[in-house]
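**Q** Give the three-dimensional model of this entry:
(chains A and B)
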Amino acid sequence: MNADLWFGVVLLCLVMYVVLDGYDLGIGVNLLLERDLRRQRELVEIVATAWDGNESWLILLGVSLWGGFPLAYGVVLPHLFIPLIVMLFALILRGASIELVSGADTTPRRWVLVFGVGSLVAAFAQGMLFGALTQAVPVVDGAYAGAALDFASPYTVLTGTTAVALYAGLGAAYVRAKADDPLRAAAAGRGRVLLALTAVFSLSCAVRLDATAAPAALSSPYRVVPFVVLVVVAVAGAATAFWVFPRAVGDDRMEVAPFAALIVTVVAGLAALVVVRAPVLLPPSLTIASAAAPGKSFGLLLFGVGLNIPFVLAYNWYAHRVFRGKYQVPKSERPAATSPAQLALSADPGGRR
Amino acid sequence: MTLVELSRWQFAFTVAFHMTFPALTVGLAVFLTVVYGAHWRTGKLVYLQMFRFWKRIFAVGFALGVVAGTVITFEFGLNWGVFASTTGPVLGPIIGMEVVTAFFVEAGFIGVMLYGDGRVKPRSMFVATAMVALGTILSTTWIIAANSWMQTPRGYTVQDGRFVPTDWWSVVFTPAFVWRYPHMLLAVLISSALFVGGISAYYLVRQRARDFARRSFSIATGLLALLVPLQLMVGDHVAGDVVAQYQLTKLEALEGNWGSTNTGYNVLVIPNMRTASNEVMITIPRLGSYVAKDLSGRTPTPGLAATPPEDRPNVWTVFWGFRLMFYSSMLIFAAAMASVVLRLRRRLFDATWYHKLVLWMTPVGVLAIIGGWVTAETGRQPFVVYGLLRTDAAVSHLAPAQLVFSVAGFTVLYLTLLAVFISYVVRTVRIGPERDFPDQDDVGDPERPNTPTEADPDDPSDETASARGEAMA
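**A** Predicted coordinates:
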């Protein structure tokens, strides 16, 4: 029971991470599709205030797994070794690049590029991780016993690409909500293409899932019914986002609509996955119960860590709320007597002064 | 190089890289809180200048610390999978507490702290900065609790080959934690005070940003004068009450003795692990006994020869890690005491020889901390959980290609980022705090109407400055 509750917490971390860092990494991917250095810089600034909080959900995800399901943690991480290390490299460079770009007077082109490429690589690596979790992990005496390139397969390349497309879509939706033209117009235009790509890739992943070591368990009606409902909700969210992406641009209430709709899609989609895979954590047969830590751990986990999670959600909400509304170049960085519009029109290719 | 040795090198390298940044940012966060609070209370623009300038270095250092820390969390599972599985029930929840009570607090408020200037009320800025500082201190607390459990494990039983917590109070408040926690907290405050002092000293030497430099230097040296003597006492307790009591092999290795008859203090040792002897040994007679608080000079320091070879830590790293920390602390102590004397004689801001000394000492605090951790961690060997789980049994059974990939990757990446960070600090210092002195309509308070210009005493073009600046100096 405790283990199941804790698994719920792990899933919460996963959902929060995919939504928050999804748009964050996605903005980085979108950056690579922009040409103008000033626009690229603005994209970096948009995530600068929230990236740390977004990424902290990844740490909590890892630690939650470690504390609650230590056997799984110690066995699955070596299996995911190379894509996880690559993801870490990318996140390291990304984090550094954000502060180096944000603090600079003249936009450093190289670090802007690092931010973009780092985001792309991290997104792809995360998709691969997801795909690799459908593989059976070789375990001997409770320890990992596999080979370095086990994770690499056409399926994980597919899931990697899916993640990139999904995150890019989330990023474009966020930019639509947070930026003014011309960034907003570019994102709004791109949104449909990204969503279409995501749909195609996701469908391929779903179809090929049955050929992996982690097929969908759809035998019982207790699974099929929720699964179908969740899939319908997910598709509805995606369709709404698709429809509204380039529409009603400039209408304040509609700016955040694509992003909100995509959140619904992501949550419903992940829930659907859980419905068809639970309680197996790792294929072929490592279940929640068998991987769980013994009793007393869950005491501190559920009460100490779990009860703090509402506060954590509050901090995340606060951080986003302080910087709500459209992104504005801070007063201290604008040349004297310049409005944002004047700045946008000025001939300066990359500097802020 | 065996798989275990490679994994150990990787962990040592990644954790040392990580440590470099909190060694600066914990203290800087506290400093920034104090400084912004001073601006809010007194309205003096120089404090806002100090906040804005030091925030630049803080921001990049903090980001690097965060991403390097993310690596460590996953590294437990990646390279030390057996360690992760066996200690997970105990250490996982501890680190989980760190994430929710510290990391998320920092992350939630750092956006406001770094980007809220001019956008939120000064009160909110102050609260946000204070929350970030609180987060860094809580982070220190939990991580020392986790590591201290590895040094003196308590409050657990063993079930199915795993450590299972039985009493969380004992898990957290282990014998090692009680003294190592204040030791670490003081250490990071001291290292950042020295860092601030060193950079301020640069401006004093160059006679730039005088008001800024003097206030920064004064706060930094004042803190050192208060904290370093305290730290020496706390450190003595760590050695005597923790290491000597619970980790005798670590003590033996850090003092560099093989036999147990040496009453002297080893200043320099070149050990030979294979022959269990020292090739070179320079000893100050009787000082070892004095350190052990026996002024008769007759108390010998225990040596490592009595321990079976398979249980011995490597004397090289433990001895030299400790000496790095200890000798650095002596140097910092001397500098702190010198600042007191100079301050009493009202020459603190005029003694250029002293400013140059402190400038050269800028990174010494960080080096001391790294030395201390090398002692703590390599001295705990061959155990990862002291006395219970050996390091070579705790490693993941990785394919060699995986390990080579990660070791090579981290080495290249981290060396590059270290260079980037150092060059960023140097560049920021060279440009200086002059650009951070607030303009009249940019005082940082969005609700304050335009105030008449408060002259920047360091701007030579400001005519009112020369008159006012002298008065303020």
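**Q** For the residue in the stretch 101-250 of chain B that chain A sits nearest to, grab the count of nearby residues.
**A** Per CB to the nearest CB, the residue of the stretch 101-250 of chain B with the smallest distance to chain A is B:G108, at 2.7 Å. (Each C-beta comes from the backbone N, C-alpha and C, glycine too.) Other residues within reach of B:G108, judged by other CB atoms under 10 Å in any protein chain shown, total 28.
**Q** Next: the one 4 residues further on.
**A** Residues contacting B:V112 under the criterion other CB under 10 Å number 23.
**Q** what's it in contact with, if anything?
**A** Taking CB atoms under 8 Å, 6 or more residues apart in numbering or on different chains, we find B:V112 in contact with A:T49, A:A319, A:V322, B:V120, B:S124, B:M125, B:A128.
**Q** which residues touch the third one?
**A** Yep, that's A:V322 we're talking about. Taking CB under 8 Å, 6+ apart as the contact definition, A:V322 lies against A:T49, B:G111, B:V112, B:G116, B:R119, B:V120, B:S124.
**Q** Distance-wise, check the fifth one relative to A:R324.
**A** When you say that, I think you mean B:R119. With distances defined as CB to CB, to the nearest Å, the gap from B:R119 to A:R324 amounts to 11 Å.
**Q** okay, those two: which has more neighbours?
**A** B:R119 (18 against 8).
**Q** Need the pLDDT of the more buried one.
**A** The per-residue pLDDT reported for B:R119 equals 85.
**Q** and it, backbone torsions?
**A** phi -110, psi -30 (degrees, to the nearest 10).
**Q** Would you mind measuring from it to A:Y167?
**A** The span separating B:R119 from A:Y167 equals 28 Å under the rule CB to CB.
**Q** now the stretch 201-350 of chain A, which segments are flagged as low pLDDT?
**A** Regions of the stretch 201-350 of chain A meeting the criterion pLDDT under 70 cover residues A:281, A:283-285, A:330-350.
**Q** To what extent is residue 306 buried, counted in neighbours?
**A** With no chain named, the answer covers chain A. Residues within reach of A:G306, counting by other CB under 10 Å, total 19.
**Q** Oops, wrong one, chain B.
**A** Neighbouring residues of B:A306 were enumerated by other CB under 10 Å; the total is 13.
**Q** try the one 10 residues further on
**A** The local packing of B:W316 (other CB under 10 Å) involves 16 other residues.
**Q** And the pLDDT at it?
**A** The predicted structure lists B:W316 with a pLDDT of 94.
**Q** quick one: secondary structure of it?
**A** Three states are possible here, and by DSSP: H, G, I helix; E, B strand; the rest coil the one that applies to B:W316 is helix.
**Q** which ones are touching the closest residue to it other than its chain neighbours?
**A** What sits nearest to B:W316 in space, not counting adjacent residues and going by CB to CB, 6 or more residues apart in numbering or on different chains, is B:P271, at 6.0 Å. Contact analysis of B:P271 by CB under 8 Å, 6+ apart lists B:G256, B:W258, B:S277, B:N278, B:E279, B:V315, B:W316, B:F319.
**Q** ok, A:V276 to A:S220 distance?
**A** 11 Å.
**Q** With neighbour numbers in mind, choose between the two.
**A** For A:V276 versus A:S220, neighbours defined as other CB under 10 Å are more numerous around A:V276 (19 against 8).
**Q** and that one, that's in a helix?
**A** Yes: under three-state DSSP, A:V276 falls within a helix.
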